[in-house]
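Asks: structure, please.
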Amino acid sequence: MMAAALDEQLVEKIVGEVMTRIRPISQPVRADSGHQLSSNNAQTLRSAPLGPHPQALLAITDPVVTADLLSQRLAGQSFSAVAICPKSIITPSAFDFLQTKKIFWHRNTAEAAPKADKPMTRWKAFVVTATSSVLQAIEHTERQTFGKRWSHELLGTADEAVTAATSAINRGETHGVAVFADHAELIACRANRSERVNAAVVSDAQVLPALKQYMQLNLMVVRPSGRSFFELRNLLKEFGKS
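Replies: Okay, the predicted model is just below:
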């Protein structure tokens, strides 16, 4: 039957592209072997809209992912996340598009699949001393991280950094905050006056596991002047580990 063949192709496509942990409310009708669809059911299947449910994932397997491609695939529809093939190249414009639209994305692997019972952790970076290495490290982290959502904000003073960091932690908006400023000790000292904040000045990524284990570090303050992109990237990477 043509309807059954069409239905089988749809099921195989969905199984291949959509993560099985998130189940849409409506499932496509599958024609079992030996079961014949009525002409009315077949007509309904052919005419039913195939648009994704708002809770579905959008799977992208194109070799190069651009902002234009994302815009075309989304086409005004709502998805819970975008799953991108591990080998796909994601252009800077695509990263900007996902960040601007506040769309969570991940590489389409079992490790990266979001779980319904494990919400995505959020991390923030506040930048007072905006060296090129800091900005590159933060942008790299925002692009490469899945299962976690990093965002950053440029601030003007140490006072603003203290206020923003403590406010984000006290309101439960974030799992952890990184502040990049030359007045690192001042910021850490003042932030620690807040009951829920555990801040420390960090210069070596190797000490972060111990700080997180023994003092529940949730505010990492880094003096960025003179630090390389690789040093700052490693600090963010280690700090962001759950």
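
Asks: contacts for stretch 163-171 next, please.
Replies: 124, 126, 153, 155, 174, 177, 179, 187, 191, 194, 196-197, 199, 218-219 (CB atoms under 8 Å, 6 or more residues apart in numbering). C-beta here means a position set from N, CA and C on the backbone, and glycine is covered the same way.

Asks: just the buried ones from those?
Replies: For the contacts of stretch 163-171, a burial check counting by 16 or more other CB atoms under 10 Å picks out 124, 126, 155, 174, 177, 179, 187, 191, 194, 197, 199, 218-219.

Asks: what segments of this protein are helices?
Replies: 2-17, 39-47, 67-74, 92-100, 132-144, 158-170, 184-191, 208-215, 229-239 (DSSP state H).

Asks: neighbours of Val201, just the number please.
Replies: Val201 is flanked by 15 other residues according to other CB atoms under 10 Å.

Asks: how close does the residue lying closest to Leu236 once chain neighbours are set aside get to Arg233?
Replies: Closest residue to Leu236 apart from its sequence neighbours, by CB to CB, 6 or more residues apart in numbering: Thr141 at 4.6 Å. Note on Thr141: its distance to Arg233, by CB to CB, to the nearest Å, is 7 Å.

Asks: any residues in contact with both of these two?
Replies: With contacts taken as CB under 8 Å, 6+ apart, Thr141 and Arg233 have no neighbour in common.

Asks: so in the chain, where's the weakest helix or strand by average pLDDT?
Replies: Using mean pLDDT, DSSP states H and E, helix 39-47 stands out as the lowest-scoring helix or strand of the chain, at a mean of 42.

Asks: for Arg223, what are its contacts?
Replies: Residues near Arg223 by CB under 8 Å, 6+ apart: 129, 180-182, 184, 201, 203.

Asks: leaving out sequence neighbours, find the closest residue to Leu186.
Replies: Distances taken as CB to CB, 6+ apart place Ala158 nearest to Leu186, at 5.7 Å, with adjacent residues excluded.

Asks: how is this structure divided into domains?
Replies: Domain segmentation of the chain under automatic domain parsing yields 1-20+53-113, 121-239.

Asks: tell me which of the ones you listed sits most buried.
Replies: domain 121-239 (a mean of 18; mean count of other CB atoms under 10 Å).

Asks: low pLDDT regions in this structure?
Replies: Applying pLDDT under 70 to the chain flags the ranges 1-57, 80, 86, 107-121, 145-148, 242.

Asks: just checking, Cys85 touches Thr61?
Replies: Yes: counting by CB atoms under 8 Å, Thr61 is a contact partner of Cys85 at 4.5 Å.

Asks: still on that earlier bit, surely the residue nearest to Leu236 meets Trp150?
Replies: Yes: between Thr141 and Trp150 there is a contact under CB under 8 Å: 5.3 Å.

Asks: the closest residue to Asn234 other than its chain neighbours and His152, how far apart?
Replies: Closest residue to Asn234 apart from its sequence neighbours, by CB to CB, 6+ apart: Ala205 at 4.4 Å. Plainly put, Ala205 is 18 Å away from His152 if you go by CB to CB.

Asks: and Asn234, by the same measure?
Replies: 17 Å.

Asks: what's the answer for Phe79, then?
Replies: Taken as CB to CB, the span from Phe79 to His152 is 24 Å.

Asks: same thing with Arg171?
Replies: Note on Arg171: its distance to His152, by CB to CB, is 18 Å.

Asks: what do you get for Leu69?
Replies: Using CB to CB, we find Leu69 at a distance of 25 Å from His152.

Asks: what's the answer for Glu231, then?
Replies: Applying CB to CB, the value for Glu231 to His152 is 17 Å.

Asks: how about His183?
Replies: Relative to His152, His183 is positioned 18 Å away (criterion: CB to CB).

Asks: perfect, that will be all.
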